[in-house]
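Novice: Let's see this in three dimensions:
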Amino acid sequence: MRQVLKPALISGLLIVGLHAQNWEDALRPFWSAQGFNAASLSRIASNQTHLDPAVITFNPAHLGLISQPQAYLTLQWGRFNQAGRMNQAANSLNAHERYLRPSGFGVFYPVSVYQGSWVMGITFAPVTQYNTLLKTQNLTTENDDNVTLTHAINESGTLSALRLGSAVEFRPNFFIGLSLNLLRGSRRYSFIGTDTDDLDLYTYSRFIYEESINPEYRGWNADLGLIFHSKFYRFGLRISSPIKLNVQEASYTKWYETYDNASDSTIYNEFNPSYRTTYPFEIAPQLALTLRGITIHFDFILHDWTRIRFESDNIVDSNGDRIDSKVNSDLKWNLKPTTEMGVGLTFPLGSHLTFQAAGRLVPSPYYTTADDERNLILLGTGLDLRVQELVTIAFGYQAAIGKRTLTNTYFGTTNTQKFNEQQLIVSTSVRF
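Specialist: Numbering: from 1, shown residues only. Prediction:
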């Protein structure tokens, strides 16, 4: 989840007192894993004409390898599964959610030049898809008495990028590309926590806490890519500028309490903070080797998450001071540099069919992560079928597998969540 990431709202506990979210959500837009970049480059390296959204995302210089005008459309069916356990409860609760949506389209056009190549392209595809689901329940101890707690989290939304790119072959087999990326998206997060007084120990019978967080995102950045392309090996490098993101949020919290005498009370607070975040630049080297038609590719993405910066003009702490310095200090102290690693394999199965497989390891950017939560694992496989000379249909399957701990500061609980997200992808590429 580039999964990997899972990240966007900094107005959590440190900013406006919300409880289900916390400072770690500053990463929400971009710590996720989308697509399998190694497999995508392997397709290009092995001279496959099919192009998927991750190719231009991973390196805009890939555009220079396109020899014919073409367009593609990608559809995605997914299922998100989770098993949540609260405070080491005896049993976990399972939940799942399905979705079907377009996941990318693009058009690429080579321009006639005297020598070399010049290709322009435009694509629209998700950068991050927000899929979080959690259901937990446990009989727990509160002030030395037993109460029943239930939690439910539901999160959805997408952050997408419109990419305007161009690439040229500036020397034989050397390609340079540039893309301008316009980011737009939204996220919908809701949390409901219920505290039930089963043994009638308190003056209330049920307490319910609700939280809704709804940020809208707008931002941009640019990618510079280089590729050396030969018959037996390819080397690529992408450098992405920092992402400037503006966030406008509409959120609320609600406390609802029912007393033993059947009376009730409700406290409702609404927040509309706006803020800006700057995400650090990325460096992504790539290498592909081809022998007897079989291509293997390795790629890396280097992040220094300590360079995230937060700014806001209208969010202050209880003393009336801007919280920028505190948030930036906490982010720098809790985050660390990471290196994502991917490997892909491509080989032909006859003249019209090509097989791909890929794997990816996405490390957690947090220092305090438990050993079994340090990495998100992605696995994928696919087939490219050339139906006619000008039409290619690609079928893909990919899965993200991981574990994470979610702490709720209001109820004082810790939820352990094992999750997996499976996707089936169909992409059609037409050359004209």
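Novice: C-alpha from now on. contacts and neighbour counts both.
Specialist: Noted.
Novice: Quick one, grab the pLDDT at the nearest residue to Ile308 once chain neighbours are set aside.
Specialist: Spatially, and ignoring its direct neighbours in sequence, Ile308 is nearest to Tyr279 (4.9 Å; C-alpha to C-alpha, 6 or more residues apart in numbering). pLDDT for Tyr279: 87.
Novice: Tell me the spacing between Tyr279 and Ser263.
Specialist: Distance, Tyr279 to Ser263, by C-alpha to C-alpha, to the nearest Å: 48 Å.
Novice: check contacts around Gly320.
Specialist: Not one residue lies near Gly320 by C-alpha atoms under 8 Å, 6 or more residues apart in numbering.
Novice: Which parts of the stretch 201-350 of the chain are strands?
Specialist: Assigned by DSSP state E, counting those that start in this stretch, the stretch 201-350 of the chain shows strands spanning 204-229, 233-240, 243-259, 264-271, 274-279, 282-291, 294-304, 309-311, 337-348.
Novice: So for Tyr279 and Ser263, which residue has more residues nearby?
Specialist: Between Tyr279 and Ser263, counted using other C-alpha atoms under 10 Å, the more crowded position is Tyr279 (23 against 9).
Novice: I figured that one hits Arg307, correct?
Specialist: Yes - contact status for Tyr279 versus Arg307: in contact at 7.0 Å, counting by C-alpha atoms under 8 Å.
Novice: which residues of the protein fall in helices?
Specialist: Taking DSSP state H, the helices of the chain run over residues 37-45, 53-58, 324-334.
Novice: looking at these, which one has the lowest mean pLDDT?
Specialist: The weakest mean pLDDT among these belongs to helix 37-45, with a mean of 57.
Novice: doesn't Phe207 make contact with Asp260?
Specialist: No - Asp260 is beyond contact range of Phe207, at 11.4 Å (criterion: C-alpha under 8 Å).
Novice: Counting neighbours around each, name which of those two comes out higher.
Specialist: Taking other C-alpha under 10 Å, Asp260 and Phe207 do not tie; Phe207 has more neighbours (18 against 13).
Novice: which residues touch the closest residue to that one other than its chain neighbours?
Specialist: Excluding its sequence neighbours, the residue lying closest to Phe207 (C-alpha to C-alpha, 6+ apart) is Glu257, at 4.5 Å. Glu257 makes contact with Tyr204, Ser205, Arg206, Phe207, Ile208, Asp264, Ser265, Thr266, according to C-alpha under 8 Å, 6+ apart.
Novice: try Arg187
Specialist: Here Arg187 is in contact with Tyr130, Glu155, Ser156, Gly157, Thr158, Leu159, Ile213, Asn214, Pro215, Glu216 (C-alpha under 8 Å, 6+ apart).
Novice: Okay, and the beta partners of Trp77?
Specialist: With DSSP bridges applied, Trp77 shows beta-bridge pairing to Leu100, Leu424.
Novice: ok, now Gln388?
Specialist: Val391.
Novice: Any idea how many residues pack against it?
Specialist: When counting by other C-alpha under 10 Å, one arrives at 10 neighbours for Gln388.
Novice: State the distance from it to Thr346.
Specialist: For Gln388, the distance to Thr346 - C-alpha to C-alpha - is 20 Å.
Novice: Ok, Thr354 next?
Specialist: For Thr354, the distance to Thr346 (C-alpha to C-alpha) stands at 7 Å.
Novice: what about the strands in the stretch 1-150 of the chain?
Specialist: According to DSSP E, counting those that start in this stretch, the strands that the stretch 1-150 of the chain contains are 70-86, 93-111, 118-129, 132-142, 145-171.
Novice: With respect to burial, which of the ones you listed scores highest?
Specialist: Comparing those by mean neighbour count (mean count of other C-alpha atoms under 10 Å), strand 118-129 comes out on top with a mean of 23.
Novice: Give me the distance between that strand and the centre of its chain.
Specialist: 16 Å (C-alpha atoms, centre = their mean, to the nearest Å).
Novice: Which secondary structure elements does that strand sit against?
Specialist: Here strand 118-129 touches helix 53-58, strand 93-111, strand 145-171, going by 3 or more C-alpha pairs under 8 Å, 6 or more residues apart in numbering; DSSP states H and E.
Novice: For Asn272, give me its contacts.
Specialist: So Asn272 contacts Gln248, Glu249, Ala250, Ser251 (C-alpha under 8 Å, 6+ apart).
Novice: From these, pick the one nearest Ser429.
Specialist: Gln248 (36.5 Å; C-alpha to C-alpha).
Novice: quick one: that closest one and Phe271 touch, right?
Specialist: No - the pair Gln248 / Phe271 is not scored as a contact, 10.6 Å apart, by C-alpha under 8 Å.
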